[in-house]
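Chemist: Predicted structure and sequence below. I'll ask about it afterward.
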2 protein chains.
Amino acid sequence: MARALAPAAPAATGAWREGDPAGHRRFADVGDLPLQLGGVLPQVRLAYETWGTLAADGSNAVLVEHALTGDSHVTGDAGPGHPTAGWWSALVGPGGAVDTDRWFVVAANVVGGCQGSTGPSSPRPGTSRPWGSAFPRITVADQVAAEARLADTLGITRFAAVLGGSMGGMRSLEWAAAQPDRVGAALVLASAAASSADQIGGQSAQITAIVSDPGWRGGDYHDAPDGQGPHTGLGLARRLAHLSYRTAAELDVRFGRDAQFGEDPLDPAAPGRYAVQSYLDHHADKLVRRFDAGSYVALTDAMNTWDVGLGRGGTEAALAAVRTPMVVVAVDSDRLYPVADSRRIVEAAPAVVGGLRVVTSTSGHDGFLLEADQIAPLVTETLRLGAR
Amino acid sequence: MARALAPAAPAATGAWREGDPAGHRRFADVGDLPLQLGGVLPQVRLAYETWGTLAADGSNAVLVEHALTGDSHVTGDAGPGHPTAGWWSALVGPGGAVDTDRWFVVAANVVGGCQGSTGPSSPRPGTSRPWGSAFPRITVADQVAAEARLADTLGITRFAAVLGGSMGGMRSLEWAAAQPDRVGAALVLASAAASSADQIGGQSAQITAIVSDPGWRGGDYHDAPDGQGPHTGLGLARRLAHLSYRTAAELDVRFGRDAQFGEDPLDPAAPGRYAVQSYLDHHADKLVRRFDAGSYVALTDAMNTWDVGLGRGGTEAALAAVRTPMVVVAVDSDRLYPVADSRRIVEAAPAVVGGLRVVTSTSGHDGFLLEADQIAPLVTETLRLGAR
């Protein structure tokens, strides 16, 4: 446990070798990355984890794609004494829907993030400072291009399946569109083929919350002498995002108008909090402690520009051209990526198998993390479609 | 036109008299107001407008209640040369659903607001400074109590009907509950009997956006020497609110992923805006120019504490006790006050007439302002229910 929880130190890069400890973050240098919107990101490093063993014929590799503030820690270290759970432990692990006794599972922290992959808080090559405001704009396609380099490094010529929800679903779809020879099937869960006006509006408001915080300092706060960053702005962005991840009905069942324990929201002079305020404060505080605001802005910007049709003649044309079998799943109560976003993919992409799948959940968008029982058979189906 | 647009100067207070110019803001001093959460707000002044003529028997008075950032200017000055429209001109005016040739229409700016009624930006009695952070917490019940004082001042013993949407619907319901002898019928439109966890969460985030702005200065920015206030925070709050007033589908039809004219959202160095960002910026800028951030916070706080059941044994008990006939209307696509909020009123209040009414709209919450054709017969019905 202590080992799994300790911050991962940069380790030797290179291909995963049988016998390497599973469930620990490793690092791969994937070189200079030409960027979709222009320019080059030099000396890109990806942090990643793997579980299981890559088969001699390379046929059992599976890529799992994390969401906005997720990371490579998809599931716990399967080894004895390392039970630490990951964000998709309910689906990935020995005997799970993605059985790590059979599949070689790879998960990388996304370019632009802050969990060990190159991002705004990383040292800028050739300088003694973090990238900060100089970090270039990156896109979902760039993130997938970096992951393809990682696959090269690991000796993986083809993933049987790429699985992802939310922002991870964008990368999953981009893999299907961009790398038809390297992915057998894709699971696109609670996601969209292109960000909508509503998503851009909400996401841009979150960016505004962060960059309006005086602690943002134009993006160059990482090495500020006082150690302060745009914590208030990031916390506010998280509150907004978290509300979009859940549903009104669920929040009302859980919290209603309850006061937070020991506080009085009706106090005339020193108003206490409602329970839902405390809940959102808690999620804001947690994120601020573990996530970099610059990464939040860079990745949110990448979601704003996300359109699988970029450079492919438009969204519908790109979807029509996808040859990779795809399983496309919406959550019925999702107010961030409404069912209509998944339906659009299903209607435009002949490669979608079995039409629109809808998961039932009271939890809204977060259903893609929580409704493991309903998602497990869809994962199994995707793996079957992609296996050779 | 010029007259109607000019800032209204404080005028003589007192009852409206036939022959007074219609459609101009007047002011009424309604005295010291004991507050629901404790304390007293001294020397309260309400700004208001009226249209039409109060009948000798006083039977034709109608109160129209504005929403959060609305005001008393419900409809244009009916007089020649004064065509300035109001926020409900489509329903209120000569020959309208609320025919000002028949009805004497009253609309007051709410206590806590900034359109001439006492609020955080008003001078604090006994000092030479604005209220600012010293402005006490006010509730929807306080706002209605002040309006009842205004009715006294105007010589109105009973309103045939009280009509309101959104925050105005809260006051409409509070009138029905608090003043059974003074209101004939109530129209409660796109509103709720008590704020939900989801509404409190979203509203609290808006408050956080404002009070986190360094320009807020703890609420005491009104007389800041540099004239600066929490404009950025108020603009952000408005973006969030505006998104909640519309629907994802409508925004996508109107804006999709279009770039704002002359801007390039994909520029790697100087990102331009998407059209939806420009649209939200526009609404933010407009509000910042016309609305006080302190009022926004005070009124949003009043919406957070809103519960018709406060001091009445709970929400359901309060609804069950209402004797005033009510017409309760939801907008089908409303994501701020979902249909379930109206259904709750209908299910708990035997005084609701005709069950749940649902307006069809692609515009979401703002349907209460925009779907005049569907709302007109509901207004007519409410007036018929309340008329003696």
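Modeler: Arrived safely.
Chemist: So what pairs up with the residue nearest to A:Leu54 when sequence neighbours are not counted in the strands?
Modeler: The shortest distance from A:Leu54 to any non-neighbouring residue, by Cβ to Cβ, 6 or more residues apart in numbering or on different chains, is to A:Phe104 (4.2 Å). (Each C-beta comes from the backbone N, C-alpha and C, glycine too.) Assessed by DSSP bridges, A:Phe104 has beta-bridge partners A:Ala61.
Chemist: Quick check: the gap between A:Phe104 and B:Ile200.
Modeler: Applying Cβ to Cβ, to the nearest Å, the value for A:Phe104 to B:Ile200 is 46 Å.
Chemist: ok, the residue positioned nearest the centre of chain A - contacts?
Modeler: Centroid check for chain A by Cα atoms, centre = their mean gives A:Ala67 as the closest residue, at 1.9 Å. Contact partners of A:Ala67, counting by Cβ atoms under 8 Å, 6 or more residues apart in numbering or on different chains, are A:164-168, A:368.
Chemist: rewinding a little: ok, now which ones touch the residue nearest to A:Leu54?
Modeler: A:Phe104 touches A:50-55, A:60-62, A:156, counting by Cβ under 8 Å, 6+ apart.
Chemist: go with 10 Å
Modeler: A:Phe104 is in contact with A:16, A:50-55, A:58-63, A:154, A:156, A:159-160, counting by Cβ atoms under 10 Å, 6 or more residues apart in numbering or on different chains.
Chemist: Spatially, and excluding backbone neighbours, which residue is closest to the residue nearest to the centre of chain A.
Modeler: Closest residue to A:Ala67 apart from its sequence neighbours, by Cβ to Cβ, 6+ apart: A:Ser166 at 3.9 Å.
Chemist: That neighbour: neighbour count?
Modeler: Counted by other Cβ atoms under 10 Å in any protein chain shown, the residues lying close to A:Ser166 total 26.
Chemist: show me what contacts it?
Modeler: A:Ser166 makes contact with A:65-70, A:189-192, A:245, A:303, A:334, A:336-337, A:365-366, A:368-369, according to Cβ under 10 Å, 6+ apart.
Chemist: redo that, cut-off 6 Å
Modeler: A:67, A:190-191 (Cβ atoms under 6 Å, 6 or more residues apart in numbering or on different chains).
Chemist: next one: A:Gly116
Modeler: Contacts for A:Gly116 (Cβ under 6 Å, 6+ apart) come out as A:25, A:47, A:109.
Chemist: For the stretch 201-350 of chain A, which segments count as strands?
Modeler: Under the criterion DSSP state E, counting those that start in this stretch, the stretch 201-350 of chain A contains strands at A:326-331.
Chemist: where does it have low pLDDT?
Modeler: Nowhere does the stretch 201-350 of chain A drop to pLDDT under 70.
Chemist: Can you pull up the residues of it that come close to chain B?
Modeler: When proximity is defined as Cβ under 6 Å from any Cβ of the partner chain, the stretch 201-350 of chain A approaches chain B at A:201-202, A:204-205, A:208, A:212, A:214, A:232, A:236, A:239-240, A:243, A:248, A:251-252, A:255-256, A:266, A:268, A:274, A:276-277, A:280, A:338.
Chemist: Number of residues surrounding A:Glu347?
Modeler: By the other Cβ under 10 Å criterion, the neighbourhood of A:Glu347 contains 13 residues.
Chemist: Could you do A:Ala237 as well?
Modeler: The number of residues packed near A:Ala237 is 28, by other Cβ under 10 Å.
Chemist: and it, what does it touch?
Modeler: The contact partners of A:Ala237, by Cβ under 6 Å, 6+ apart, come to A:206, A:209-210.
Chemist: Can you read off the pLDDT for A:Ala12?
Modeler: Listed pLDDT for A:Ala12 reads 38.
Chemist: any chance you could map the helices in the stretch 1-150 of chain A?
Modeler: A:2-5, A:140-154 (DSSP state H, counting those that start in this stretch).
Chemist: For A:Ser342, see how far away A:Ala302 is.
Modeler: According to Cβ to Cβ, A:Ala302 stands 20 Å off from A:Ser342.
Chemist: So A:Ser121 sits against A:Trp131, correct?
Modeler: No: contact criterion Cβ atoms under 6 Å: A:Ser121 and A:Trp131 do not qualify, at 7.3 Å.
Chemist: Pop the domain breakdown of chain A in here.
Modeler: A:26-201+A:307-386, A:204-300 (automatic domain parsing).
Chemist: now stretch A:132-145: mean pLDDT?
Modeler: Stretch A:132-145 carries an average pLDDT of 98.
Chemist: Any part of that stretch near chain B?
Modeler: Yes: applying Cβ under 6 Å from any Cβ, one finds stretch A:132-145 touching chain B at A:Arg137.
Chemist: Can you check the distance spanned by that stretch, start to finish?
Modeler: 22 Å (Cα to Cα, to the nearest Å).
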